[in-house]
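In: Coordinates for the following, if possible.
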Amino acid sequence: MLLVVVGLMLAAVVLVGVGERLRLPWPALMVVFGAGVALLPGLPDAFTLEPELILPLFLPPLLFATAQRTSWALFRARWRTIALLAIGLVLATTAVVAGAVWLLIPGIAVTAAVALGAMVAPPDPVAVEAVAGQVPVPRRLVSVLQSEGLFNDATALVIFQAAVLATVSGDELSPLGLGVRFVAGAAGAVLIGLAVAWLARTVLGRVTDTTGRSALTLVLPFATYLAAEEVHASGVVAVVVLALQLRAGTDADESVERLTQTSLWNVVELLVTGLAFGLIGLDLRQVVTAAGDDLPRMLGHAGIVCSVVVAVRVVWMTVAWRVVRRSADRTAAPRTGPEVLLLSWCGMRGLATLALALSLPATTSAGTPFPHRAEIVLIAVSVLVVTLLVPGFTLPALVRALGVDDEAGAEARAEREIVLRARRAALATLEFERSVRDLPEEVGTAMRERLARLESVLSGETPSEEERQRIAALRTVRGQVAEAHASALAAARVEVLAARREPGVDPHAADRVLQRLDMRTALARS
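Out: Prediction:
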């Protein structure tokens with residue numbers, strides 16, 4: 001098992017580079033790699049992981065990393081869209097898939113069909129970020145997909161658990177009980193997420209070591225997820241709320257800590273994502289073996305269910321387009337026909353579908369086999385593979401064909417506006433510092449010239465030789481310049497963080513500007 005884990009990590013690192021060269025999403029390549037390894041003849045079943053461990057091991061860190069890229073302001077602005085997709089679309093997909101499966105498989109219990117519908121209903125935020133984030137999909141659309149994926153697992157998990165319990169016990173499924181359970185679980189998860197975030201902030205305030213503070217953020221997602229699940233609340237929602245609250249409370253002076261944590265989470269996210277998608281490929285062997293001689297018939301049913309899943313999403317997104325295009329919110333989506341097609345195509349399933357499929361019990365409470373378990377698992381995994389690999393390998397061409405990557409200019413303008421706000425704040429602070437400290441006029445002039453280049457620096461450009469010469473010329477009054485410069489950069493960071501909390505501002509754009517400011521601040525302190 002250890003050999004397989006290390007091998008998958010190494011493969012993930014290699015396939016990141018391969019994906020960049022081929023301009024293909026590396027997670028999709030990772031699934032193909034895992035499937036190829038798993039289907040090699042004569043290979044023993046080297047990797048077996050308990051199904052109930054899949055979600056607690058992989059979901060908390062990946063959800064936490066994804067949620068950190070968004071903000072409370074974005075969720076407040078798009079709560080209708082989130083409810084429409086994370087709750088409405090999940091319910092619609094579950095119902096339609098359950099009906100189709102009930103017609104396809106003679107004798108299957110309605111509750112078992114509902115359990116299958118819940119498995120394949122939620123698109124996975126990790127898969128969306130890993131695949132759509134690798135191609136020039138507009139961030140406005142990616143953020144809609146992320147928002148949907150961060151909360152839809154909670155809806156699907158409640159339905160799945162209730163449907164499985166009803167199938168095992170032979171009881172009926174109560175829609176009212178489902179609704180009460182979902183609301184109570186979500187409310188409890190929000191409270192747990194907020195409480196852990198407050199406690200974490202209190203502890204972090206007393207830990208001075210940057211490494212220790214970063215290590216704590218690595219432990220928190222797992223602790224929060226397990227605590228929420230222990231009291232029958234939604235671990236998914238609790239982790240998302242924790243990440244949003246911690247990100248909202250970040251301080252402008254935590255430059256070094258933000259850089260450290262960003263580097264840490266980039267590495268964690270890459271390795272955990274590689275392991276997760278490699279696991280999906282490896283488990284294909286187990287699914288195919290369980291199907292046996294019925295594999296061709298089951299694959300036919302799986303193809304029909306895949307078509308149903310895609311069709312429901314296309315219809316739902318078309319209806320959402322009719323509603324959204326009358327909205328005054330220009331950041332909402334979908335607003336055009338190409339956006340409908342793109343958002344429909346990006347309904348990738350992932351870890352949640354795999355974990356739920358593999359966690360189906362083998363028997364009922366009466367000791368009889370769980371009805372049609374092998375076929376249910378095969379259909380669920382087939383939906384996962386089709387919705388992940390087909391969009392994964394065709395998304396770059398689709399984006400180019402639809403022309404939605406033309407929004408890159410608009411996103412650059414949005415980032416430029418944040419840069420200009422940071423520069424104005426820095427210059428205003430510099431003028432104040434010069435008047436208070438009574439700096440020589442030549443120092444003020446040189447500093448203004450230096451900060452005049454802040455716009456281009458924050459946009460990603462490197463300093464010119466002339467800029468380096470100006471910096472060298474200021475070394476005679478280095479102390480005063482350093483203090484004034486530090487105050488100006490601090491004001492710029494405060495302004496960027498304020499912009500990040502505003503509705504309509506892309507958190508991803510603000511984070512890019514903030515990272516460049518943090519790097520400039522860290523270099524100035526060294």
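In: Flag the shaky bits of the stretch 201-350 of the chain, pLDDT-wise.
Out: 327-331 (pLDDT under 70).
In: per-residue confidence at the residue nearest to the spatial centre of the chain?
Out: Nearest to the geometric centre of the chain sits residue 66, at 3.2 Å (CA atoms, centre = their mean). Listed pLDDT for residue 66 reads 83.
In: Helix or strand: which one has it?
Out: helix 51-67 (DSSP states H and E).
In: what helices or strands is that helix leaning on?
Out: Helix 51-67 makes packing contacts with helix 125-132, helix 139-169, helix 210-230, helix 235-248, helix 255-291, helix 351-358 when contacts are defined by 3 or more CB pairs under 8 Å, 6 or more residues apart in numbering; DSSP states H and E. To be clear about C-beta, it is placed using only N, CA and C from the backbone, and glycine gets the same treatment.
In: burial count for residue 414?
Out: 20 (other CB atoms under 10 Å).
In: quick one, phi psi at it?
Out: phi -60, psi -40 (degrees, to the nearest 10).
In: so how far is residue 143 from it?
Out: To residue 143, residue 414 is 12 Å away according to CB to CB, to the nearest Å.
In: intersection of neighbour lists for the two?
Out: By CB atoms under 8 Å, 6 or more residues apart in numbering, residue 414 and residue 143 have these common neighbours: residue 506.
In: Residue 122 against residue 149, yeah?
Out: Yes: contact criterion CB atoms under 8 Å: residue 122 and residue 149 qualify, at 7.3 Å.
In: higher neighbour count, the two?
Out: Counted by other CB under 10 Å, residue 122 and residue 149 do not tie: residue 122 has more neighbours, with 31 against 27.
In: Can you check what pLDDT the model gives the more buried one?
Out: At residue 122, pLDDT is 90.
In: Am I right that it sits in a strand?
Out: No: Residue 122: not assigned to a strand; according to DSSP: H, G, I helix; E, B strand; the rest coil it is coil.
In: If we go by neighbour counts, what in the host helix or strand of residue 91 is buried?
Out: Assigning secondary structure by DSSP H and E places residue 91 in helix 90-104. Within helix 90-104, the residues scored as buried using 16 or more other CB atoms under 10 Å are 90-98, 100-102, 104.
In: nearest to residue 308, of those?
Out: Among those, residue 100 lies closest to residue 308 (CB to CB), at 4.9 Å.
In: right, and the closest one touches residue 307 too?
Out: No: between residue 100 and residue 307 there is no contact under CB under 8 Å: 9.2 Å.
In: circling back to that earlier point, got the contact list for the helix or strand following the helix holding residue 66?
Out: Per DSSP H and E, the first helix or strand lying C-terminal to helix 51-67 is helix 72-77. In this structure, residues lying in contact with helix 72-77 by CB under 8 Å, 6+ apart are 82, 143, 147, 244-245, 248, 329, 331, 500-505, 507.
In: try it again with 10 Å
Out: Here helix 72-77 makes contact (CB atoms under 10 Å, 6 or more residues apart in numbering) with 67, 71, 81-82, 143-144, 146-147, 150-151, 240-241, 244-245, 247-248, 329, 331-332, 499-508.
In: what do you get for stretch 361-376?
Out: Taking CB under 10 Å, 6+ apart as the rule, stretch 361-376 contacts 51, 101, 104-109, 111-113, 115-116, 119, 164-165, 167-171, 287, 289-292, 294-295, 297-298, 301-302, 357, 360, 377-379.
In: Could you turn the buried ones of these into a PyMOL selection?
Out: Of the contacts of stretch 361-376, the buried ones can be selected in PyMOL as follows, counting by 16+ other CB under 10 Å:
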select buried, resi 51+101+104+105+108+109+111+112+113+115+116+119+164+167+168+287+291+295+298+301+302+357+360+377+378+379
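In: thought residue 137 was touching residue 508?
Out: No: assessed by CB atoms under 10 Å, residue 137 is found out of contact with residue 508, at 11.9 Å.
In: Okay, helices next: where are they in the stretch 351-500 of the chain?
Out: Using DSSP state H, counting those that start in this stretch, the helices of the stretch 351-500 of the chain run over 351-358, 373-402, 408-437, 441-452, 454-458, 465-473, 478-500.
In: which ones are touching residue 352?
Out: Counted by CB under 10 Å, 6+ apart, residue 352 has contacts 54-55, 58-59, 118-127, 149, 152-154, 156-157, 160, 236, 384.
In: Now with 8 Å, please.
Out: Here residue 352 is in contact with 55, 59, 122, 124, 153, 156-157 (CB under 8 Å, 6+ apart).
In: Next one, pLDDT for it please.
Out: Confidence for residue 352, expressed as pLDDT, is 82.
In: How about residue 477?
Out: For residue 477, pLDDT reads 56.
In: next one: residue 450
Out: For residue 450, the predicted pLDDT is 61.
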